[in-house]
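Chemist: the following block contains a protein sequence and its predicted model.
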Amino acid sequence: MTFFELEDKSFSSIEINEIVEKVLNQLSDTYQVIFRERFVENMTQTQIADRLGISQMTVSRAEKTIRDVFRAELEK
């Protein structure tokens, strides 16, 4: 891998981190927890629901909202 390929990869990583941070700042605390547990810790919707004391359907709807917020940010 060349220096320029490494540099491009580094910039992409920085951009992704900035987008994630921006989106997370738009989400409620509960949605931030759902994002982290679902997409970082790879927990199932059922596991998250049990842990938070909510229904699996609520987690599913939150997940859709989170994806929609990311999609909107990426389209800017």
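Modeler: It's in. Numbering: from 1, shown residues only.

Chemist: name the element the residue most central in space within the chain belongs to?
Modeler: Centroid-nearest residue in the chain, with Cα atoms, centre = their mean: residue 35, separated by 4.8 Å. Using DSSP states H and E, residue 35 sits within helix 29-35.

Chemist: which other helices and strands contact that helix?
Modeler: Contact here means 3 or more Cβ pairs under 8 Å, 6 or more residues apart in numbering; DSSP states H and E; on that basis helix 29-35 packs against helix 45-52, helix 56-74. To be clear about C-beta, it is placed using only N, CA and C from the backbone, and glycine gets the same treatment.

Chemist: one step back: wouldn't the residue nearest to the centre of the chain be in contact with residue 26 here?
Modeler: No - assessed by Cβ atoms under 8 Å, residue 35 is found out of contact with residue 26, at 11.0 Å.

Chemist: quick one on the thing from earlier: out of the helices and strands packed on helix 29-35, nearest to residue 15?
Modeler: The minimum distance between residue 15 and the helices and strands packed on helix 29-35 falls on helix 56-74, with 10.4 Å, by Cβ to Cβ.

Chemist: with only the CA atoms kept, save the closest one in PDB.
Modeler: Listed next in PDB are the C-alpha coordinates belonging to helix 56-74 (Å, rounded to 0.1, in the frame of the first residue of the first chain):
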ATOM      1  CA  GLN A  56     -38.200  -5.800  20.600                       C
ATOM      2  CA  MET A  57     -40.500  -3.800  18.300                       C
ATOM      3  CA  THR A  58     -39.500  -0.600  20.000                       C
ATOM      4  CA  VAL A  59     -35.800  -1.500  19.400                       C
ATOM      5  CA  SER A  60     -36.700  -2.300  15.700                       C
ATOM      6  CA  ARG A  61     -38.400   1.000  15.200                       C
ATOM      7  CA  ALA A  62     -35.500   2.800  16.900                       C
ATOM      8  CA  GLU A  63     -33.100   1.000  14.600                       C
ATOM      9  CA  LYS A  64     -35.000   2.200  11.600                       C
ATOM     10  CA  THR A  65     -35.000   5.800  12.900                       C
ATOM     11  CA  ILE A  66     -31.200   5.600  13.500                       C
ATOM     12  CA  ARG A  67     -30.600   4.300   9.900                       C
ATOM     13  CA  ASP A  68     -32.900   7.100   8.600                       C
ATOM     14  CA  VAL A  69     -30.900   9.800  10.400                       C
ATOM     15  CA  PHE A  70     -27.600   8.300   9.100                       C
ATOM     16  CA  ARG A  71     -29.000   8.200   5.600                       C
ATOM     17  CA  ALA A  72     -30.200  11.800   5.800                       C
ATOM     18  CA  GLU A  73     -26.700  12.900   7.000                       C
ATOM     19  CA  LEU A  74     -25.000  11.000   4.200                       C
END
